[in-house]
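[1] Have a look; sequence and predicted model below, questions after that.
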Amino acid sequence: MSNNADILYQKNGTIYSVPVTVIEIQNGEAGYRKEQLMIENGNITGSQPVESSPEFFVTAGFINCHMHWLMTGSACSFEEMMETVAGKPEQAVEKAISYARSSLKLGITFGIDKGPPGYCGAPVYRGMMDAIAKGEPMTNTIFSTWAFMAPGSFGEPYARMIHSLKEMEIALLELEATGAGVSKFIPESPFLIDKKGYRFVFPGEWFQYARSAARQKNWVFAVHAKGTETLDQCIRVQADCVEHGVQASAEQLRAFQEKNIYLGPTLDGLLCRLEHSRETGQKLEETTYEWEAVCQMVGMASTLNDGRPFTHMLFASDAGSYVTPHASLRELYLMRKMGYEPASVFEAATVNGANCLKRNNMGTVKKGKKADLIFWFENPLELPLEEWEHLENYIAAVILDGNTVVVR
Ligand SMILES: [Zn+2]
């Protein structure tokens, strides 16, 4: 813990922030308020307007809607990662906590974990939750204890394999018992070079069942969907959180908006895989195709509504997955590079994440919200594109649950 005094101070039993310019983002537009925030028990309980020119700008903390705390972000194979997760769970907990600590320092106050390698991650997630409950300064999280797959799914068999509806019913009961907040499905084949596409491999009935179960249990229903067919299935069952979406059409994105479905493009993950392919020569055709397709999709999305962006974009980097490092804000830089305006990128990374999670106490800076905040040395929305390559240099402090966790 750093010294709180620079950013927060106590007066008559209430914690006040120093005067700040709060950046409020709505529908792609930024509004500014000069005020001092009042914080009690981890929440913003009020504010007082100020006349002076504040030193710091403040935004809500970032919500990364696609990450894997139990994966190392290296070129390590799934078997190797599973050996640690299954065989040395204490070591895996330590690693996961270290990733969540370093992610918090970049202002990522919440993360949605989309599953471990394999099906033996439950003790590691339990260890993370214990650390959070003890007040360890790390990114808060919900998780899918495993990802669900059917024969033919991408990544098979390194997840929870499902062979029948009965088996899925049981697996979902087990998911509930592990304290999951997400149910993650991979109902799609790997990339098919000859088709330049992907196949939906789940029986439609199972998919509908899984979706209904998530609604009943209040889980975020998250789906790996790169291809046209799977994206249509996500629209049909009204998924909450769709991943990658590399082949999403304008028509499909409009259907997402109508049905309140959020999309995380995982630009960082796809670029990391392309960079690795260029170094090693492996899977170059696939990674080149996916990178070009996702760039085109996000570019198209940036002007979807008569020049205004697709409204349901998320900050979703795929941190931890194959060759994709933890603790990075490159996803935000890439979204902006692909055409999203700075205010819309911040909206994706805060407001939209909270809406996707259906948590109305997160995502903005006002009375009644959690005091999960980023203090900035300069207005990040006014920084030129090049500076967004190291946006973290402009972070003065991060507040989690009303506590200062890092001050530069
Ligand atoms: Zn992933």
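    That came through, no problem. A quick note: this is a predicted structure, and the numbers were derived from the prediction, not measured.
[2] for the protein, which spans come out with low pLDDT?
    Low-confidence segments of the chain (pLDDT under 70): 1-5.
[3] Just give me the residue right at the centre of it.
    Taking CA atoms, centre = their mean, the centroid of the chain lies closest to Cys65, which sits 1.7 Å from it.
[4] helices or strands next to the longest helix anywhere in the chain in the packing?
    Ranked by residue count, the top helix of the chain under DSSP state H comes out as helix 284-301. Under the contact criterion of 3 or more CB pairs under 8 Å, 6 or more residues apart in numbering; DSSP states H and E, helix 284-301 touches helix 250-259, helix 267-280. Heads up, the C-betas are built off the backbone N, CA and C, glycines and all.
[5] Which residues belonging to that helix are considered buried?
    Of the residues in helix 284-301, Glu286, Thr287, Tyr289, Glu290, Trp291, Ala293, Val294, Cys295, Met297, Val298, Met300, Ala301 count as buried by neighbour count, 16 or more other CB atoms under 10 Å.
[6] a markdown table for these, including distance to Cys120?
    Formatted as a markdown table, the buried residues of helix 284-301 follow (distance: CB to CB, whole Å):
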| residue | distance to Cys120 |
| --- | --- |
| Glu286 | 28 |
| Thr287 | 29 |
| Tyr289 | 33 |
| Glu290 | 29 |
| Trp291 | 32 |
| Ala293 | 33 |
| Val294 | 31 |
| Cys295 | 36 |
| Met297 | 34 |
| Val298 | 35 |
| Met300 | 40 |
| Ala301 | 37 |
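[7] quick one on the thing from earlier: so the residue nearest to the centre of the chain touches Phe315, yeah?
    Yes. Using CB atoms under 8 Å, Cys65 is in contact with Phe315, at 6.3 Å.
[8] Name the residues contacting each of these two.
    Residues touching both Cys65 and Phe315 (CB atoms under 8 Å, 6 or more residues apart in numbering) are Gly264, Gly353.
[9] one step back: and among the helices and strands packed on helix 284-301, the most buried is which?
    Ranked by mean neighbour count, those are led by helix 267-280 with a mean of 19 (mean count of other CB atoms under 10 Å).
[10] can you narrow the buried residues of helix 284-301 to ones near the ion?
    Applying CB under 5 Å from the ion, the subset of the buried residues of helix 284-301 adjacent to the ion is empty.
[11] sorry, back to before: now distance to the ion too, for the helices and strands packed on helix 284-301, in a markdown table please.
    Output for these, formatted as a markdown table (distance: least, CB to the ion, whole Å):
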| stretch | distance to the ion |
| --- | --- |
| helix 250-259 | 19 |
| helix 267-280 | 7 |
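[12] Of all the ones you listed, which one is nearest Pro19?
    Closest to Pro19 of the helices and strands packed on helix 284-301 is helix 267-280 (CB to CB; 34.5 Å).
[13] Please state the offset of that closest one from the chain centre?
    19 Å (CA atoms, centre = their mean, to the nearest Å).
[14] same check, this time on stretch 181-200
    20 Å.
[15] What residues does the stretch 1-150 of the chain have near the ion?
    Counting by CB under 5 Å from the ion, the stretch 1-150 of the chain comes close to the ion at Lys114.
[16] Could I get the full set of helices for the stretch 1-150 of the chain?
    Assigned by DSSP state H, counting those that start in this stretch, the stretch 1-150 of the chain shows helices spanning 78-87, 89-104, 122-133.
[17] buried stuff in stretch 59-79?
    So for stretch 59-79, counting by 16+ other CB under 10 Å, buried means 59-73, 78.
[18] ditto for stretch 259-268
    Ile261, Tyr262, Leu263, Gly264, Pro265, Thr266, Leu267, Asp268.
[19] which among those gets closest to the ion?
    For the buried residues of stretch 259-268, the minimum distance to the ion (CB to the ion) is 6.9 Å, reached by Thr266.
[20] which residue packs closest to that closest one, ignoring adjacent ones?
    With sequence-adjacent residues excluded and distances taken as CB to CB, 6 or more residues apart in numbering, Thr266 is closest to Asp318, at 4.1 Å.
[21] The one you found: neighbouring residues, count only.
    Using other CB atoms under 10 Å, Asp318 is surrounded by 26 other residues.
[22] List the contacts of it.
    If you count contacts by CB under 8 Å, 6+ apart, then Asp318 has His66, Met67, His68, Glu243, Thr266, Asp268, Gly269, Leu270, Thr324 around it.
[23] The first one contacts Tyr262, doesn't it?
    No. Taking contact to mean CB under 8 Å, the distance of 10.5 Å between His66 and Tyr262 leaves them out of contact.
[24] so what sits against both of the two?
    With CB under 8 Å, 6+ apart, His66 and Tyr262 have common neighbours Cys241, Leu314.
[25] Residue of the stretch 1-150 of the chain nearest the ion, please.
    Lys114 (4.8 Å).
[26] contact partners of stretch 223-230?
    Outside of stretch 223-230, the residues within contact range by CB under 8 Å, 6+ apart are 147, 154, 184-188, 191, 197-200, 231, 233-234, 239, 241-247, 249, 252, 290.
[27] out of these, which are inside helices?
    When helices are assigned by DSSP H, the members of the contacts of stretch 223-230 inside them are Leu231, Gln233, Cys234, Gln252, Glu290.
[28] Quick check: the two most widely separated of these?
    Gln233 and Glu290 (19.3 Å).
[29] Can you spell out the domain ranges of the chain, please?
    Per automatic domain parsing, the structural domains of the chain span 8-60+363-407, 62-355.
[30] Need the winner for burial among these.
    domain 62-355 (a mean of 20).
[31] how long is that domain from one end to the other?
    One end of domain 62-355 to the other measures 13 Å (CA to CA, to the nearest Å).
[32] Name the secondary structure element that contains Val406.
    For Val406, the element it lies in under DSSP states H and E is strand 403-407.
[33] what's that strand packed up against?
    The contact analysis (3+ CB pairs under 8 Å, 6+ apart) places strand 403-407 against strand 395-400.
[34] And the strand it packs on, what does it pack against?
    strand 373-376, strand 403-407.
[35] Please identify which of the ones you listed is closest to Pro137.
    strand 403-407 (4.3 Å).
[36] Partner strands of that closest one and their direction?
    Strand pairing for strand 403-407, determined by DSSP bridges: strand 395-400 (antiparallel).
[37] residues contacting the residue nearest to the centre of the chain?
    Contacts were defined as CB under 8 Å, 6+ apart; by that measure Cys65 touches Gly111, Ile112, Cys241, Tyr262, Gly264, Leu314, Phe315, Ala316, Gly353, Cys356, Leu357.
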